[in-house]
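*Asks:* Predicted model and sequence below, questions to follow.
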Amino acid sequence: MNIEYQIASNPVARALKIVGDRWTILILRDAFLGRHRFSEFREFTKIARGTLINRLDFLIEQDILHKVPYNQSPLRFEYKLTEKGLALYPWALMVWEWETHWADQVGTNMPSVLIHKVEPHHTLKPICVCRHCHAEVTYKDVERIHDPDIQTREIENVVDSISAQRRSRVNTLTDSDYRLGHIIEIIGDRWSTLIVASVFLGLSRYDDFHQQLGIATNILADRLKLMVDLGVLTRNLYQQAPPRYEYKLTEKGESLYGMTLALRQWVLDCFPAMGRPYKLIHTACGNDLDVDVICGECLHKPQAGKVGFSA
């Protein structure tokens, strides 16, 4: 089956239609940090006013945020996370952990360390575990099995929607809140995320990316170079004449898998009609893969009100 179809009918691709945009990720970052007002989003994300209005309206439409009045005259609203929005917290923790581990620490631009505020307080290292055997899940622990009898009820043309999106980098040195600036270079651009997802599905060569994903050659070359520059992929020569290259995940790239699984689980839990176009099998226990995000030290599921940051 065509990889484009598999990705388009993939729960992760369904999630990226909602959260796979750099401005949306920054808004969600601020919402989880306790920032809820329009002025706060503007201050800490530097989003243009019209873009911010558009993204907030979209998140309300998707039932991720809802508006709550906090002032009557003049009427003013706060934007609070819904139950579905709060269910993204495990994914947000995995995103934050990846940034903490992999972001370049230049000057004072360092991501905050997560603190689990349960007694005794301790550093929170979120890990992705199998719901059945409770063992930590990594990229190498999962077998993917396509089931042709499972059809998705909603096949979305993700590639077409992505092609209309332009990539504009965030200047992490001048933003009011630089946190998550590095990971946004990857997951805040849907073409980049689509390429990484396709590597998880087995693609590795330029011609395969171009054929299966339908990405314009200039965009494909740009995103592959970006992923190599960011250390997510390696570029290896496999043919001399003419020169041909293949792209493989680095350790840094493989470490994106936990947040990918957490995002997939969010869709499976919150959009059950989405269906599963293929099975992921946890090879350690042989069960269909469903995951939870837990604290690696105390082994409990972190709650939004029980997580803070180091000074």
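*Replies:* Alright, I've got the coordinates. Numbers count the residues shown, from 1 in each chain.

*Asks:* Output the lowest mean pLDDT helix or strand found in the chain.
*Replies:* Sorting the helices and strands of the chain by mean pLDDT, DSSP states H and E puts helix 158-163 at the bottom, at a mean of 42.

*Asks:* Show me where this protein has its strands.
*Replies:* Counting by DSSP state E, residue ranges of the strands within the chain are 65-72, 75-81, 114-116, 122-123, 126-130, 142-146, 233-239, 244-249, 278-282, 291-295, 307-309.

*Asks:* Let me have these in TSV, extended by distance to His101 and mean pLDDT.
*Replies:* Every residue, glycine included, has its C-beta placed from N, CA and C. TSV is the format used below for the strands of the chain (distance: least, CB to CB, whole Å; pLDDT from 0 to 100):
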stretch	distance to His101	mean pLDDT
strand 65-72	28	92
strand 75-81	25	94
strand 114-116	11	91
strand 122-123	12	92
strand 126-130	11	96
strand 142-146	20	80
strand 233-239	18	91
strand 244-249	16	92
strand 278-282	23	85
strand 291-295	15	97
strand 307-309	15	85
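
*Asks:* Mean neighbour count and distance to Asp30 for the ones you listed - can I get that in TSV?
*Replies:* Formatted as TSV, the strands of the chain follow (neighbours: other CB atoms under 10 Å; distance: least, CB to CB, whole Å):
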stretch	mean neighbour count	distance to Asp30
strand 65-72	13	11
strand 75-81	15	9
strand 114-116	20	16
strand 122-123	14	23
strand 126-130	23	19
strand 142-146	12	32
strand 233-239	13	30
strand 244-249	17	30
strand 278-282	17	32
strand 291-295	21	20
strand 307-309	16	14
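
*Asks:* Kindly reformat those strands as CSV and extend each row with distance to Ala48.
*Replies:* CSV is the format used below for those (distance: least, CB to CB, whole Å):
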stretch, distance to Ala48
strand 65-72, 19
strand 75-81, 17
strand 114-116, 30
strand 122-123, 37
strand 126-130, 32
strand 142-146, 40
strand 233-239, 31
strand 244-249, 34
strand 278-282, 39
strand 291-295, 33
strand 307-309, 28
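
*Asks:* So for Pro90, which of the ones you listed sits nearest?
*Replies:* Smallest distance to Pro90 across the strands of the chain (CB to CB): 3.5 Å, for strand 291-295.

*Asks:* strands paired with the closest one, and their directions?
*Replies:* If you go by DSSP bridges, strand 291-295 pairs up with strand 126-130 (antiparallel).

*Asks:* who touches Phe77 in this structure?
*Replies:* Shown in contact with Phe77 (CB atoms under 8 Å, 6 or more residues apart in numbering): 38, 67-70.

*Asks:* measure it to Asn10 for me?
*Replies:* 34 Å (CB to CB, to the nearest Å).

*Asks:* One more: Asp208?
*Replies:* Separation of Asp208 from Asn10 (CB to CB) stands at 17 Å.

*Asks:* Of all the strands of the chain, which one comes closest to Glu43?
*Replies:* Closest to Glu43 of the strands of the chain is strand 75-81 (CB to CB; 14.1 Å).

*Asks:* Asp208 and Asn10: which has the busier surroundings?
*Replies:* Comparing Asp208 with Asn10 by other CB atoms under 10 Å, the one with more neighbours is Asn10, at 25 against 15.

*Asks:* Could you report the pLDDT at the residue nearest in space to the middle of the chain?
*Replies:* In the chain, the C-alpha nearest the mean C-alpha coordinate belongs to Ile187, at 5.3 Å (CA atoms, centre = their mean). Listed pLDDT for Ile187 reads 86.

*Asks:* do Arg153 as well
*Replies:* pLDDT, Arg153: 33.

*Asks:* just Ile53 next, same as before
*Replies:* 96.

*Asks:* Look up how far Ile60 lies from it.
*Replies:* Going from Ile53 to Ile60 by CB to CB gives 11 Å.

*Asks:* How about Thr24?
*Replies:* 12 Å.

*Asks:* More neighbours: which of those two?
*Replies:* Neighbour tally, Thr24 and Ile60, criterion other CB under 10 Å: the higher count belongs to Thr24, 19 against 14.

*Asks:* Distance of the more buried one relative to Asp30?
*Replies:* Per CB to CB, Thr24 is found 11 Å from Asp30.
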